[in-house]
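Participant: generate a structure from the sequence data that follows.
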Amino acid sequence: MPLPQAPLLRNLLRFCLAGIAGAAISTAQAASSAGSADTAAPARASIKAAALYQQHCAACHGEQRLGAMGPALLPESLSRLRKPEALRVIRDGRAATQMMGYAEQLKPEEIAALADWIYTPVTPAPTWTDADIQASRIETAGWRSWPATPQWKADPMNLFVVVEAGDHHISLLDGDKLEVIHRFPSRFALHGGPKFTLDGRYVFFGSRDGWITKLDLWNLKTVAEVRAGINMRNIAVSGDGNWVMAANYLPHNVVLFDSDLKLSKTYEARTLDGTKSSRASAVYDATPRNSFVVALKDIPELWEISYDPKAAPIYDGLVHDYKMGEGIAKPGYLGVRRTPLEEPLDDFFFSQDYAYALGASRPHADGSPSGQVVNLDVRRKIATLPIAGMPHLGSGITFDYQGTRVLASPNLKDGVISVIDMKNWRLVKDIATPGPGFFMRSHENTPYAWTDSMMSPAAKNQLSIIDKRTLEIVHSIKGPPGQTLAHIEFTQDGKHALASLWEDDGALIVYDAATFKEVKRLPMRKPVGKYNVFNKVTRSEGTSH
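Facilitator: Below you'll find the model as predicted:
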């Protein structure tokens, strides 16, 4: 199928392809900075890497490495890239992209020095202002006149958006026929999962280096793009479809846009007294509350920002001291309502009624549980989740078990699924798995929950299937040895479970959710995630929201 017809998408493609080059460069440096066994480091020290960068990279990635057509080349935005792969791409180039190989132009030590350079922090630290955000915005002319019906034949609510990281593309999958209906290039290193409007027409993507893309799924064209920051964690879209919020690591802020990606407001991620700033570790929409909820990585606070025009006023601090201005109300609409915590949260998810935020902080040195239960109405922590290790609560799910609601969370450190009673916050059971996992998924119409062990070198090719009625593993699926099998997502009706063979020459594997038999296999380039429109917009209990 042809690519979307818009200058914006052509620019998007150039950015993506050039970005692969920068990604490769960055990976190169990751390996060279990684070890004491790097005997070539002294030889590279005399090479003028900054001059090499200006000569070969600045045109695409910006003079200050903040990105242009290509992504930002900064340590903060290159953490996911591996150095050996980067060195290979710098040397040999990448097929079907604009990234040429530099083996004939640069010596091996120059390539390594260039990679070292882009992993060196920029001093002073780069900034990204409101003016930068506004100047970055691009809009496709005439998009408001596009047809208001899907220009393809499939159920628009049973559509999957599949992120292929191998060559930075998006595939759209018909969830009924289990066939790809379209494929197009994406920005570099998408992260945090796409977010949909309630009608399923528009989807928003966020990239690690700060770009937000709004795509019209019905017309297969990009509406607008804007760069919210330099290193972005994730985005959220309000339940009414009117707002988009971005959480940034760099700069330290959260940024609010209207639905057309026009800047509305920037919130500095700072303490109330302004003395300390923080990276924003996550933002999620709480539709029943008409608000965004934001976790801060370096400050023990949870923020709630209401987009309800009738939101109650906000009182910061103690109301009794008028001299400190603490009794003066701030507007509740689009204002920051702060919940003080004992320690910062890295990530979180909501209870099904959105009364609670369930999150985890950094692992404790003594091994004690780090999970927190925060009552969003009372605005305080009410319990500690009895989960040791590194619970990945952002991928947790909830379901009914023996008359009570429970949450189940994978663990990034230990091979265990922890099941917690959501009435008393006590441990119901620890379910041993072959190794630490990242994702857990289920669906209302299936009695089974699926989880991976992708953080385990020995078991990353295994999926474990848990019976939600007995909390026992009833089946195991093994992929090719040494390869990664992860991230289950269900079709709208819950009859099929789709898994990612997370390799460059990987595949989307479709299983019968009742028999666990493989139904179909679709070749794809490292399909890191797949997202069903219906399950997302209805806030299915079996998937992340």
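Participant: how about stretch 121-141: buried residues?
Facilitator: 122, 126, 128, 132-133, 136-140 (16 or more other C-beta atoms under 10 Å). Every residue, glycine included, has its C-beta placed from N, CA and C.
Participant: just the ones in helices from the residues you listed, please.
Facilitator: Judged by DSSP state H, these include 132-133, 136 as members of helices.
Participant: what strand or helix carries the spatially most central residue of the chain?
Facilitator: Of all residues in the chain, the one closest to the mean position by C-alpha atoms, centre = their mean is residue 192, 1.4 Å from it. Assigned by DSSP states H and E, residue 192 belongs to no helix or strand.
Participant: does it touch residue 234 like I think?
Facilitator: Yes. The criterion here is C-beta atoms under 8 Å, and residue 192 meets it with residue 234 at 2.9 Å.
Participant: mind listing the shared neighbours of these two?
Facilitator: Shared contacts of residue 192 and residue 234, defined by C-beta atoms under 8 Å, 6 or more residues apart in numbering, comprise residue 206.
Participant: of all the ones in helices among the buried residues of stretch 121-141, which comes closest to residue 424?
Facilitator: Comparing these against residue 424 with C-beta to C-beta places residue 133 closest, at 45.4 Å.
Participant: measure that closest one to residue 255 for me?
Facilitator: In this view, residue 133 and residue 255 are 7 Å apart by C-beta to C-beta, to the nearest Å.
Participant: just residue 346 next, same as before
Facilitator: 20 Å.
Participant: in terms of neighbours, single out the busier of these two.
Facilitator: For residue 346 and residue 255, the more surrounded residue by other C-beta atoms under 10 Å is residue 255, and the numbers stand at 28 against 20.
Participant: what's the helix or strand for that one?
Facilitator: Going by DSSP H and E, residue 255 is part of strand 253-258.
Participant: ok, and for that strand, which residues are buried?
Facilitator: Buried-residue list, strand 253-258, by 16+ other C-beta under 10 Å: 253-257.
Participant: part of a helix, is residue 248?
Facilitator: No. Secondary structure of residue 248, determined by DSSP: H, G, I helix; E, B strand; the rest coil: strand, with no helix assignment.
Participant: tell me the helix or strand right after the strand holding residue 255.
Facilitator: strand 263-268.
Participant: now the angle from that following strand to strand 253-258?
Facilitator: 160 degrees (axes from the mean of the first three to the mean of the last three C-alpha atoms, to 10 degrees).
Participant: strand partners (parallel or antiparallel) of the helix or strand following strand 263-268?
Facilitator: Using DSSP H and E, the helix or strand that follows strand 263-268 towards the C-terminus is strand 280-286. Strand 280-286 pairs in its sheet with strand 291-296 (antiparallel), by DSSP bridges.
Participant: average pLDDT for the partner strand?
Facilitator: Regarding strand 291-296, the rounded mean pLDDT is 97.
Participant: now swap in stretch 72-91 and tell me
Facilitator: Rounded mean pLDDT across stretch 72-91 is 70.
Participant: end to end on it, go ahead and measure it.
Facilitator: Length of stretch 72-91, first residue to last, C-alpha to C-alpha, to the nearest Å: 20 Å.
Participant: stretch 268-279 too?
Facilitator: Where stretch 268-279 begins and where it ends lie 10 Å apart, using C-alpha to C-alpha.
Participant: and if you look at stretch 180-199?
Facilitator: Start-to-end, stretch 180-199 (C-alpha to C-alpha) is 21 Å.
Participant: okay, buried residues for that stretch please.
Facilitator: For stretch 180-199, by 16+ other C-beta under 10 Å, it's 180-197.
Participant: likewise stretch 235-249?
Facilitator: Buried residues in stretch 235-249 (16+ other C-beta under 10 Å): 235-239, 243-249.
Participant: how about those, which pair is most distant?
Facilitator: 239 and 249 (25.5 Å).
Participant: how many neighbours does the closest residue to residue 91 other than its chain neighbours have?
Facilitator: In space, and not counting its chain neighbours, residue 91 is closest to residue 103: 4.7 Å by C-beta to C-beta, 6 or more residues apart in numbering. The burial count assigned to residue 103 is 13, neighbours taken as other C-beta under 10 Å.
Participant: and what about residue 219, helix, strand or coil?
Facilitator: Assignment for residue 219 (three-state DSSP): coil.
Participant: doesn't residue 147 make contact with it?
Facilitator: Yes. Assessed by C-beta under 8 Å, residue 219 is found in contact with residue 147 at 6.4 Å.
Participant: those two - which one has more neighbours?
Facilitator: residue 219 (20 against 9).
Participant: distance check, the more buried one against residue 152.
Facilitator: If you go by C-beta to C-beta, the gap between residue 219 and residue 152 works out to 9 Å.
Participant: same question for residue 115.
Facilitator: Distance from residue 115 to residue 152, by C-beta to C-beta: 42 Å.
Participant: who's more crowded, these two?
Facilitator: Each of residue 115 and residue 152 has its neighbours counted (other C-beta under 10 Å); residue 115 has more, 27 against 16.
Participant: my guess is the more buried one meets residue 88, correct?
Facilitator: No. Using C-beta under 8 Å, residue 115 is not in contact with residue 88, being 11.1 Å away.
Participant: now for the two: what residues contact both?
Facilitator: Counting by C-beta under 8 Å, 6+ apart, nothing touches both residue 115 and residue 88.
Participant: quick one: the helices in the protein?
Facilitator: Going by DSSP H, the chain shows helices at 7-32, 41-45, 49-56, 58-61, 83-92, 108-118, 130-136, 533-537.
Participant: just want the angle from the third one to helix 108-118.
Facilitator: With the same axes, to 10 degrees applied, the angle from helix 49-56 to helix 108-118 works out at 100 degrees.
Participant: thinking again about what came up before, neighbouring strands - and their directions - for the strand holding residue 255?
Facilitator: With DSSP bridges as the test, strand 253-258 pairs up with strand 243-250 (antiparallel), strand 263-268 (antiparallel).
Participant: now do the contacts for the residue nearest to residue 473 when sequence neighbours are not counted.
Facilitator: Distances taken as C-beta to C-beta, 6+ apart put residue 464 closest to residue 473, at 5.1 Å, once the chain neighbours are dropped. With contact set as C-beta under 8 Å, 6+ apart, residue 464 has these partners: 433-434, 450-453, 473, 475-476.
Participant: contact partners for the residue lying closest to residue 511 once chain neighbours are set aside?
Facilitator: Among residues not flanking residue 511 along the chain, residue 497 sits closest, at 4.7 Å (C-beta to C-beta, 6+ apart). Neighbouring residues of residue 497 by C-beta under 8 Å, 6+ apart: 441, 446, 450, 488-490, 510-513.
Participant: partner residues bridging residue 497?
Facilitator: residue 490, residue 511.
Participant: likewise for residue 374?
Facilitator: Beta-bridge partners, per DSSP bridges, of residue 374: residue 357, residue 381.
Participant: could I get the pLDDT score of residue 367?
Facilitator: 82.
Participant: from residue 414, how far off is the closest residue to it other than its chain neighbours?
Facilitator: Closest residue to residue 367 apart from its sequence neighbours, by C-beta to C-beta, 6+ apart: residue 388 at 5.7 Å. Separation of residue 388 from residue 414 (C-beta to C-beta) stands at 7 Å.
Participant: do residue 455 as well
Facilitator: Residue 455 is 10 Å from residue 414, by C-beta to C-beta.
Participant: shared neighbours, those two?
Facilitator: residue 436.
Participant: per-residue confidence at residue 98?
Facilitator: For residue 98, pLDDT reads 56.
Participant: cool, and the one 5 residues further on?
Facilitator: At residue 103, the pLDDT value in this model is 85.
Participant: and if you look at residue 162?
Facilitator: On the pLDDT scale, residue 162 gets 97.
Participant: and it, how far is that from residue 274?
Facilitator: In terms of C-beta to C-beta, residue 162 sits 43 Å off from residue 274.
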